[in-house]
Structure formats: structure tokens, C-alpha cells
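Colleague: the sequence and its predicted three-dimensional model are supplied below.
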Amino acid sequence: MSILLVKVTNQFVIVIIVIIVLFYFTFICLNVNVADNESIAALPLLLNGRKRPKQGHIVRVNRLEKNCGDIENIMIENCLKYLDDNEDDYMISFPTTAGVLPPPPCSLDHSPMLLHVFWKGQITDKIALMMKSFLYSQPLECSKLYVWLDNLNDTNFNDNEHIRPLLKYSPTNIEFKEWNIVEQFSSSDIYAGWQNHDHSTITVALSDLVRFVVLHNYGGIYIDADVLLVRDMRPLYYANFEFSYLWSYLNEYNTAVLRLWKESQSSKMVICGAINNKMSFHPFNIRKYLSTHENSTRKETNKFIYMFPPGLFDPLWLKRDNKQPTSVLSPNLHNFTDVFNPNIMPDEIPGLDPATFDGSPLDIRNVENFFRGIFTYHWHNQWNFTIHPTSWIGVMQTAYDDFLSGKIIYSHGYT
């Protein structure tokens, strides 16, 4: 009897060891695949139970407008809570409409969701951060980012510490493209007359121009370089309308996030209007170019480019502009510079006194608690700030780097 017990015990131990070994090697293989980019399929991303949106689901704009649109009466924190908790309410299956194709399956066999960003000058940690946010948040088997550079031929990617780790995703997910104004403007008769303007004087306004030109020529979503992608953009991308969002509380467009179809009527109206207005693509002119008469209302211009409430893309703006000064956000920041602060700030966590808190900012800052519900985060041109590891931007960058290096398998997003 004792001999039989020993044999059974030994067999049980062997089985347990085999299970542990198999689990270990399975885990290692998963990490290797992520690190080496042998498989770019969307990983099983989880965030407190949230999953990637269902295939073919798009946003219901009337529900988003009802719960986020009235910025006079709806606080941004309530909008974000709705976005975070009620996806089943504001996402629906793509309606069957004659002549309108539903979103394609998310696979390498179909055309990807196409996003664009423009960068002028040498590659820095800031534009690399935007690219990392794309890789971290979007489904890689059906997403592609065009990075438009004004000096592509003079850029040595292998010598650049910020871009070198991302080269393994090129050109499958990130494709670097040369911005050449003559080439792009020569692609269509819609640009007739642009030569009459001195484009060599275009500096800061260049990105305002680029976004409308590349979207007219290629279609997709343009994202400014100071915008982090946070959630899967497909429900917005495949919704049957073009969009941007509100400039804080003003009835003007902020085109930091801009969705246009290729060769759309909207892009034609803006491009023609800008060419006739000294090549000005400034956001404050966009509504004028879309107007069919003097002083068109927002409802009228929404028929061309829908103006989303700012909370979806820019949660801090209304508070920072004192439109909602009593807003209590999570994190409860006040200024655009706060995301770069390496230290805990007063009221950042209501009830927490930084003077008596003896822990690290990393004890209370994590990627899962960064303005839950938003689709993007716009940090508004804070180019000269250092990214400290304990700042909110540092927390995001660490999460991106850990995911892309294979240290973590799950990223901020959805399955």
C-alpha cells in the first residue's frame, strides 16, 4: 500500500511539473512573439472588463450628443463616465443601407483603418510617443499609420534612438512617407491656383494644410502629433459621417482629430476655400468654407463635417478655459502642463494631500485611470517639457514601452 501511494504521489508531482513547464514556455513564446513582431495580430487586450468593440459596430452620434453635447449643463466627468460605462448604449451594429458597405473584418486580408500624422524636423521623443500610442491602442492586424515627414530623405532612422525601436513595425503598421507639397498638389485639379501663393512662407500653418490635403488624397483620420490615441478608433472611423471636434466652448472646429473620406465634398470645399483665402487652413476658417451662406449654423455645417463635443478627445480643455472650472476629473488636472508634472499635485486625487503623502506618484498613477472613456488625449503643444517617468505622460510612455518590448502582454484597450 505504501509503495502504491509513493507511485501515485510521484506521478502527481510529475504531472504538476509538466503543467508548470508548459505554462512557462507558453508565456515565454507569447512574449517573444510580441517583442520580435512575429505576429502582429491584435492581442487579447483587457482593461477592467472592457473589450474591443464588436466587429462592425459604430457609434450612435445622437446618444453621444445627448450625453456629452450640452457643455453648458453636462460636466465633462459625467460625459466620460457615460463613455466608460455605456458602450452598449452608444455603439450599434452598422445599419444595412443600400450602396453603403459595412466595416470590413479586422484582418490583414482587408484594407486597414488608415491614420495620418505630420512631423516637421528631426524625430523626437514626442512624435515617437504618438506612434507608440497608435501601436498600443489600435488593432494592429487592421490599422496603419502614415507618418508624413518633411525631411524623409535626410532622416537616418537607425541612428535615432526614439524611432529605432519602432522600425520593426514598418511598413506593415507604420509607413514613413515624404511630404512634398508640389507632388501632393499636382495630384488633382482641385488644387488649381495654389501656385499663385508663396507656400515657402508657410511654417506653423503647414500642418493645418497637410491634414486636409492627405485626407483628400488618401482618406482616413488625421491625428496631430500632440495627441495620444487611447481607444480603438474603428467605431468612429467606420461611422457613416466625417467629423472633427469643438474648439473648447467656441463654435469652431478643432482639427487635431479629423476624419474625412477620400476626395470628399467636404475636403473639396475646404481646399477651394483655403486656396481662395491666401492658403489659410486655420481651423477658425473651416466653418466659413463649409458654409453655403453667410453665418451658417453648426447644424448646417455638421452635414459636412460633424463637430463632436470636446470630451471625447480633449477632456481637460473646458476646465482649463474656465468654461467648467468646478469640474472634478480623474485625474483631476487643471492645466495642459500638468500631465508632465513628475510630482503629485494638489487636488489631483480629491482627499489626498501631497504634503502628507509619503508614497511615489506611481502608487496612484496608472494607465488604467487616465481619463477613462476618452478616445484620444490632446496635450496641446507642450513640446519643451521633459517626459519624467513619474508624470502622467511618463506613465503612458512606460506602458507603451513595456507592451512593445513584450514585458506585458495586455495593453490598454479591448479584445
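Modeller: Yep, that arrived.

Colleague: please count neighbours and contacts with C-alpha atoms only from this point.
Modeller: Fine.

Colleague: show me this structure divided up by domain.
Modeller: 1-36, 45-415 (automatic domain parsing).

Colleague: phi, psi for the closest residue to Trp179 other than its chain neighbours please.
Modeller: In space, and not counting its chain neighbours, Trp179 is closest to Asp150: 4.9 Å by Cα to Cα, 6 or more residues apart in numbering. Per-residue torsions, Asp150: phi -80, psi -10 (degrees, to the nearest 10).

Colleague: what about stretch 141-159, average pLDDT?
Modeller: Here stretch 141-159 scores 92 as its mean pLDDT.

Colleague: so which residue is dead centre in this protein?
Modeller: Leu229 (1.9 Å; Cα atoms, centre = their mean).

Colleague: tell me the pLDDT of it.
Modeller: On the pLDDT scale, Leu229 gets 97.

Colleague: just to check, the residue nearest to Trp179 is in contact with Glu178?
Modeller: Yes. Using Cα atoms under 8 Å, Asp150 is in contact with Glu178, at 6.0 Å.

Colleague: who has more neighbours out of these two?
Modeller: A direct count of neighbours by other Cα atoms under 10 Å for Asp150 and Glu178 places Asp150 higher, at 18 against 15.

Colleague: and the more buried one, how far is that from Phe284?
Modeller: Distance of Asp150 to Phe284, given as Cα to Cα, to the nearest Å: 25 Å.

Colleague: show me where the stretch 301-415 of the chain has strands.
Modeller: Ranges of strands within the stretch 301-415 of the chain are 305-308, 376-378, based on DSSP state E, counting those that start in this stretch.

Colleague: and those strands, which is most packed in?
Modeller: Highest mean neighbour count among these (mean count of other Cα atoms under 10 Å): strand 305-308, with a mean of 22.

Colleague: starting at the chain centroid, how far to it?
Modeller: 17 Å (Cα atoms, centre = their mean, to the nearest Å).

Colleague: what of stretch 257-268?
Modeller: 18 Å.

Colleague: quick one: average pLDDT of that stretch?
Modeller: The model assigns stretch 257-268 a mean pLDDT of 97.

Colleague: need the contact list for Phe375.
Modeller: Contacts for Phe375 (Cα atoms under 8 Å, 6 or more residues apart in numbering) come out as Leu229, Val230, Arg231, Asp232, Met233, Leu312, Phe313.

Colleague: would you agree the last one is in contact with Ile374?
Modeller: In other words, Phe313. Yes. Between Phe313 and Ile374 there is a contact at 6.0 Å, judged by Cα under 8 Å.

Colleague: neighbour count winner among those two?
Modeller: Taking other Cα under 10 Å, Phe313 and Ile374 do not tie; Phe313 has more neighbours (24 against 21).

Colleague: give the bridge partners for Met246, please.
Modeller: Not Met; residue 246 is Leu. Tyr253 (DSSP bridges).

Colleague: which stretch among the strands of the stretch 301-415 of the chain approaches Trp317 most closely?
Modeller: Smallest distance to Trp317 across the strands of the stretch 301-415 of the chain (Cα to Cα): 8.9 Å, for strand 376-378.

Colleague: so what strands line up beside that closest one?
Modeller: strand 227-229 (antiparallel).

Colleague: re the thing from before, and the pLDDT at the spatially closest residue to the residue nearest to the centre of the chain that is not a sequence neighbour?
Modeller: Leaving out its chain neighbours, the residue that sits closest to Leu229 by Cα to Cα, 6+ apart is Thr376, at 4.6 Å. On pLDDT, Thr376 comes in at 98.

Colleague: many thanks, have a good one.
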